[in-house]
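**Student:** test case, fold it:
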Amino acid sequence: MSTPLASQSCTPCRGGVPPMAAAEAARLLAGLPDWQLQDDSTRIQRRCRFKNFAAALAFVDRVGALAEAEGHHPDISFGWGYATISLHTHKIKGLHENDFIMAAKIDQLAA
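**Tutor:** Numbers count the residues shown, from 1 in each chain. Below you'll find the model as predicted:
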């Protein structure tokens, strides 16, 4: 049995590896039901809803702290009552296991 994604840590991706295949991305995404594949399976994204701007901002702040701790940084947009998180690995222009690890950890913050 594999280790749950949220219990793993991101490892530095120095480039030079191919992005994850769409089939593998779909397999990992099955365990992250709030996320969707985007851009020909090169990015995953989730939109979270909140009761107001302050709650959305507090969530974004927690995601930012997590990103710094993991060394893996999502693209984030937010406003009154929402935050959209987008993950992909810039160095390989596609998805890496780190993106799914971060997604699982973000899901824990959103819960």
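**Student:** I figured Ile76 was touching Tyr82, is that so?
**Tutor:** No: counting by Cβ atoms under 8 Å, Tyr82 is not a contact partner of Ile76; they are 10.9 Å apart. (Each C-beta comes from the backbone N, C-alpha and C, glycine too.)
**Student:** pLDDT score for His88?
**Tutor:** In this prediction, His88 carries a pLDDT score of 96.
**Student:** and stretch 53-72, which residues are buried?
**Tutor:** Neighbour-count burial for stretch 53-72, with 16 or more other Cβ atoms under 10 Å as criterion, is recorded at 55-56, 59-60, 63, 66-67, 70, 72.
**Student:** cool, and stretch 38-46?
**Tutor:** Burial within stretch 38-46, assessed by neighbour count using 16+ other Cβ under 10 Å, is assigned to 41-46.
**Student:** tell me what Asp75 is bridged to.
**Tutor:** Each beta-bridge partner of Asp75 is listed here, defined by DSSP bridges: Ser86.
**Student:** show the contacting residues for it.
**Tutor:** Taking Cβ atoms under 8 Å, 6 or more residues apart in numbering as the definition of contact, the neighbours of Asp75 are 85-87.
**Student:** excluding its backbone neighbours, what's nearest Gln108?
**Tutor:** Nearest-residue entry for Gln108: Ala6, 5.6 Å, with adjacent residues in sequence omitted and distances by Cβ to Cβ, 6 or more residues apart in numbering.
**Student:** list of residues touching the helix ranked longest in the chain?
**Tutor:** In the chain, with assignment by DSSP state H, the single longest helix is helix 53-70. Contacts of helix 53-70 from elsewhere in the structure, counted by Cβ under 8 Å, 6+ apart, are 9-10, 48, 50, 73-74, 76, 78-83, 85, 98, 101-102, 105-106, 109-110.
**Student:** only the buried subset of those, as a ChimeraX command please.
**Tutor:** Once 16+ other Cβ under 10 Å is used to decide burial, the buried members of the contacts of helix 53-70 can be selected in ChimeraX as follows:
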select :10,48,50,74,76,78,83,85,98,101,102,105,106,110
